[in-house]
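Q: got a predicted structure plus its sequence, pasted below:
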Amino acid sequence: MKIKWISLAGGLAILCLVVTVSCKKEAAPTHTSSTSPSDLAQAGGLVVTPYGKVPANKVFQVDNQSTVKLIKGHLQIVELGTDRLIRDLGVPSAADLQAKDPYEYARQFSPDNARLIHHNPVSGADALNPRPVANSSASKVPTVYDFSGYYTSAPYSGIKSFTTTWVIPNKSLDTSSSDIVTNFLWNGLDGGALQPVMQWDNGYGSNYTLANWYFTDGNYFHGTIVPVLPGTSVTGVITFVSNPNDTTWTYTEQFVGVPSANVTVTRTSEATGVVECWEAYTQLMNLWPNQPYVAMKDIALTLRSGSPTDTLAWAAGGGSAPATPTGLNTVIANNSSSNGEVDFYFGDGTGITPDSTYQLVTALISTSVLDVTGGGASPSGTKVELYSKNSPVSSNQVFQLVSLNNGYYELIPQNAKSLALSVKGNGTANGTQADVETYTGATGQQWKISYAGSGYCTLSPRCAPSSSLDVYASETGNGTKVEIWSTTGNPNQEWQFVMQ
């Protein structure tokens, strides 16, 4: 296996680390102090972490030659093996010392953190009761949990190691947004207090990075941040090291083959419960990974004494994530404790967020959109056409996209919400008019949306899958007919979905 990563100092230079054979001995990194706010995405004096937005002075970087310990009442970064002081972080407050749940503790710092609901698999705090539902669209998996969120957890103690492998996903369709669009993907222990994390846009622009994060004594720590390319297979491992005199618990976190990112965690309590998680700081799917799902695979749990049960008792839960086009969020593909798999679902490659409303802008001219003729409460059978954008935006130029959970969408005009974009008479011939009709679920009202590149998509009706929604003769004048025509790949069949 090869781990591909990008050197920040070298710009676009690409290096390869071979896991099984080291080509060059890695130089020991120097000790680092607190992370500068400029090193992490910022929002109102807060930095974005996998636990939420927290003050920059509570986030610190450590390296693979150091750890954090509470010594004589002071929280200190010290050298591994010698306890030589590297940096004194001061005396933690009583609240710091009592804090065990990193998400609960982060909620005091930002209202945004309240939406990041995580379940402690041991205490049951913030537990949601997943409701198993039938899985009609992905026969490979036995169980789907119907919930609003993106993680699963299972209660275990006496953990020796917890391992997960995944492939770094595609970048999002929109890599230029000025918003904070950080995404995190990770496996972890103790509700995520320990987690090897894949990060997106965490201070490094539109790129992925790896970092091992942990929480102790009211502060948040991460190891050396290492850029990584989409398509790279990574394995996050958390391992128990020691528990001398029942006073401290020591663990290591690592990405296999990336030793510079390793961290050693010293804490005053055992890390219990396993977690798989994907979390995002946006609900817009064009800012999520551009693929249907990512598989967290080869999930393996070992215990310090004996063996775990053959299956993990996953319980799904989470925050306020929107429904995906498939209707799936977290899917337990295999609950084995030795080679399990949890799949986290994203979009369908189009960047469309189901149930949201959009203008459909033709690729022919950026000032014209799909329009229900005449506006108002148009009756069933009213044709659609190309027309200049109205200002302010009018409801007959806005469509709600509702996923039918079968790979198709219904498009509802906002001026007449009982109607749907339709192929007149469910026709299949070139030149058949597109109109809006009372929704019946007919195949002429089900649209397959496919990404065509450069931010544009095509729409193909289920009644004529080899045809696309087409602007007649590539004309751009107001009132130009919109029809279906055999798919050509030309701009008059491409549409940009602009959220309203």
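A: Received it, and whenever you're ready, just let me know what you need.

Q: which stretches of the stretch 201-350 of the chain have low pLDDT?
A: Scanning the stretch 201-350 of the chain for pLDDT under 70 picks out 202-205, 317-321.

Q: show me the helices in it, by range?
A: With DSSP state H, counting those that start in this stretch, there are no helices along the stretch 201-350 of the chain.

Q: how about stretch 412-426: buried residues?
A: Within stretch 412-426, the residues that count as buried by 16 or more other CB atoms under 10 Å are 412-416, 419-423, 426. C-beta here means a position set from N, CA and C on the backbone, and glycine is covered the same way.

Q: in strands, which of the residues you listed fall?
A: 412-413, 419-423 (DSSP state E).

Q: nearest to residue 254 among the residues you listed?
A: Closest approach to residue 254 among those (CB to CB): residue 412, at 49.3 Å.

Q: list the contacts of the spatially closest residue to that closest one that is not a sequence neighbour.
A: Leaving aside its chain neighbours, residue 412 sits nearest to residue 400 (4.4 Å; criterion: CB to CB, 6 or more residues apart in numbering). Residue 400 sits next to 355-358, 411-412, 414, 417 when contact means CB atoms under 8 Å, 6 or more residues apart in numbering.

Q: what does residue 339 give?
A: Going by CB under 8 Å, 6+ apart, residue 339 touches 297-300.

Q: ok, of those residues, which one's closest to residue 387?
A: For the contacts of residue 339, the nearest to residue 387 is residue 297 (48.8 Å; CB to CB).

Q: before we move on, the earlier item: so in terms of bridging, what pairs with the residue nearest to residue 412?
A: Beta-bridge pairing for residue 400 (DSSP bridges): residue 357, residue 412.

Q: neighbours of residue 456, how many?
A: Residues contacting residue 456 under the criterion other CB atoms under 10 Å number 17.

Q: per-residue pLDDT, the residue nearest to it when sequence neighbours are not counted?
A: Excluding the flanking residues, the one nearest residue 456 by CB to CB, 6+ apart is residue 494, at 3.9 Å. What the model reports as pLDDT for residue 494 is 98.

Q: what sits against residue 494?
A: 362-363, 452, 456-458.

Q: so which of these sit within helices?
A: In helices, judged by DSSP state H, none of the contacts of residue 494 are found.

Q: I'd like those residues written out as a markdown table, with pLDDT added.
A: Shown next, in a markdown table, are the contacts of residue 494 (pLDDT from 0 to 100):
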| residue | pLDDT |
| --- | --- |
| 362 | 98 |
| 363 | 98 |
| 452 | 93 |
| 456 | 94 |
| 457 | 96 |
| 458 | 98 |
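
Q: nearest to residue 282, of those residues?
A: residue 457 (19.7 Å).

Q: how about the strands in the stretch 201-350 of the chain?
A: 208-216, 219-222, 226-228, 233-242, 249-255, 263-267, 274-280, 293-303, 315-317, 330-334, 340-345 (DSSP state E, counting those that start in this stretch).

Q: hey, what's residue 332 bridged with?
A: On the basis of DSSP bridges, residue 332 is bridged to residue 143, residue 342.

Q: next, the contact list for residue 424, please.
A: Per CB under 8 Å, 6+ apart, neighbours of residue 424: 381, 383, 432-435, 437, 444.

Q: separation between it and residue 444?
A: The gap separating residue 424 from residue 444 is 8 Å, by CB to CB, to the nearest Å.

Q: okay, domains of the chain per the record?
A: Using automatic domain parsing, the domain ranges for the chain come out as 29-345, 357-499.

Q: start and end of the shortest one, how far apart?
A: The reference is to domain 357-499. Taking CA to CA, to the nearest Å, domain 357-499 runs 6 Å from one end to the other.

Q: what lies in contact with stretch 481-491?
A: By CB under 8 Å, 6+ apart, stretch 481-491 touches 362-364, 370, 383-386, 423, 427-428, 430-434, 452, 456, 458, 460-461, 464, 466-472, 474, 493.

Q: change it to 7 Å
A: Stretch 481-491 has contacts (CB atoms under 7 Å, 6 or more residues apart in numbering) with 363-364, 370, 384-386, 423, 430-434, 458, 460-461, 464, 466-472, 493.

Q: among those residues, the buried ones, what's the PyMOL command?
A: Paste this into PyMOL to select the buried members of these, with burial taken from 16+ other CB under 10 Å:
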select buried, resi 363+364+370+384+385+386+423+432+433+434+458+460+461+464+467+468+469+470+471+493
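
Q: so which of the contacts of stretch 481-491 sit within strands?
A: Per DSSP E, the contacts of stretch 481-491 map to strands at 370, 384-386, 423, 434, 458, 460-461, 467-471.

Q: from those, which two are the most distant?
A: 385 and 460 (19.4 Å).

Q: from residue 466, how far off is residue 89?
A: To residue 466, residue 89 is 64 Å away according to CB to CB.

Q: cool, residue 241 as well?
A: For residue 241 relative to residue 466 (CB to CB), the value is 60 Å.

Q: kindly report the same for residue 55.
A: 56 Å.

Q: could you find the closest non-adjacent residue to residue 195?
A: residue 188 (3.5 Å).

Q: neighbouring strands for the helix or strand where the one you found lies, and are they parallel or not?
A: If you go by DSSP states H and E, residue 188 is part of strand 183-189. Strand 183-189 pairs in its sheet with strand 194-200 (antiparallel), strand 274-280 (antiparallel), by DSSP bridges.

Q: and stretch 165-172, what's buried?
A: So, applying 16+ other CB under 10 Å, buried residues of stretch 165-172: 165-169, 171-172.

Q: quick one: mean pLDDT for it?
A: 94.

Q: number the residues from 33 up from this point.
A: Noted, 33 is the first residue going forward, which turns the last one into stretch 197-204.

Q: with just CA atoms, put it into PDB.
A: Only the C-alpha atoms of stretch 197-204 are listed here, as PDB (Å, rounded to 0.1, in the frame of the first residue of the first chain):
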ATOM      1  CA  THR A 197      -9.400   1.700   6.700                       C
ATOM      2  CA  TRP A 198     -11.000   4.100   4.100                       C
ATOM      3  CA  VAL A 199     -10.200   5.700   0.800                       C
ATOM      4  CA  ILE A 200      -9.800   9.500   0.700                       C
ATOM      5  CA  PRO A 201     -13.000  10.700  -1.200                       C
ATOM      6  CA  ASN A 202     -13.300  12.900  -4.200                       C
ATOM      7  CA  LYS A 203     -13.100  16.700  -3.700                       C
ATOM      8  CA  SER A 204     -16.400  18.600  -3.700                       C
END
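
Q: residue 111 and residue 97 touch, don't they?
A: Yes: contact criterion CB atoms under 7 Å: residue 111 and residue 97 qualify, at 6.4 Å.

Q: shared neighbours of these two, anything?
A: Taking CB under 7 Å, 6+ apart as the contact criterion, residue 111 and residue 97 have no common neighbours.

Q: still on that earlier bit, which of the contacts of residue 371 has the most neighbours?
A: Neighbour max across those (other CB under 10 Å) = residue 331, 27 neighbours.
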